Structure formats: C-alpha cells, structure tokens
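*Asks:* sequence-free structure coming up:
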C-alpha cells in the first residue's frame, strides 16, 4: 500500500486525510473510494479538468502525463507545474501529498441552469 496525504480542502475534506492506496489505482478512484467526493464530470475519461489536483510531494514518481491530459490541464483553474488530472495519475510505490484546488472549471455544468 502507498500512503496518500490529502491536504485540507474546505468543502471536500476539511480535516485533510491520510489514505492507503493500492499502487496502479488512479488518484481519483482512491479519493472517491475514501469518501472524498472530488468532481469527475467526464466519468474519468480524460475529457474535462474537474478532477485536477496538485501533487505537492511525490510528483516525479508518477508516469508522465500523455498529450491529451497536458492539453486539458492547460484549461484547469490554478494550474501549477505539478498539476495532474487525478483520473489519469496512477499511484506508484512512492507516498504522495496532494492538494485539491479551491475551484474547478466544469464546462458542462456551468453552461446549464439547474432544474
């Protein structure tokens, strides 16, 4: 198991969290499986930026992002050099510290009114 430390997020994880993750699992699936309801509007198909995270420690242990992820990340709010889409970043053997940005851009949701 690999340890993931999730830094506090005012809405999704106010106290922060320490999670054990199975290597090879996406960061998004680990978060969702541990009750941290990170947005994933495209159902984890690498078609949006709602699951954007910043990897504060352990970034270099992740496989390199593919071009499609890099292109999408360019549209993410709060992009940093160590940003990843959590649906695409697979946990390795190295512990991670991640931060969920305060805001997210959901192109699908934000263009429609609620019913």
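*Replies:* Right, received. Where do you want to start? A quick note: this is a predicted structure, and the numbers were derived from the prediction, not measured.

*Asks:* burial measure for residue 95, as a count.
*Replies:* Using other CB atoms under 10 Å, residue 95 has 15 neighbouring residues. Glycine gets a C-beta too; all of them are placed from N, C-alpha and C.

*Asks:* before we move on, what about the one 5 residues further on?
*Replies:* Residues near residue 100, counting by other CB under 10 Å, number 22.

*Asks:* Wait, it touches residue 53, no?
*Replies:* Yes - when contacts are counted by CB atoms under 8 Å, residue 100 is listed as touching residue 53 (5.6 Å).

*Asks:* which residues sit in contact with the residue nearest the centre of the chain?
*Replies:* Central residue of the chain (CA atoms, centre = their mean): residue 86, 3.0 Å from the mean position. Residues counted as contacts of residue 86 (CB atoms under 8 Å, 6 or more residues apart in numbering) are 26, 27, 28, 31, 38, 40, 51, 52, 53, 98.

*Asks:* Same question for residue 27.
*Replies:* 4, 21, 53, 84, 86, 87, 89, 90, 91, 96, 98.

*Asks:* The first one pairs with what?
*Replies:* It stands for residue 4. Here residue 4 sits in beta bridges with residue 19, residue 96, going by DSSP bridges.

*Asks:* now the fourth one
*Replies:* Partner residues in beta bridges with residue 84: residue 53, with DSSP bridges as the criterion.

*Asks:* surely it meets residue 51?
*Replies:* No - shown here, residue 84 and residue 51 do not form a contact pair, counting by CB under 8 Å, at 9.0 Å.

*Asks:* Overlap of the contact sets of residue 100 and residue 53?
*Replies:* Counting by CB under 8 Å, 6+ apart, the residues touching both residue 100 and residue 53 are residue 38.
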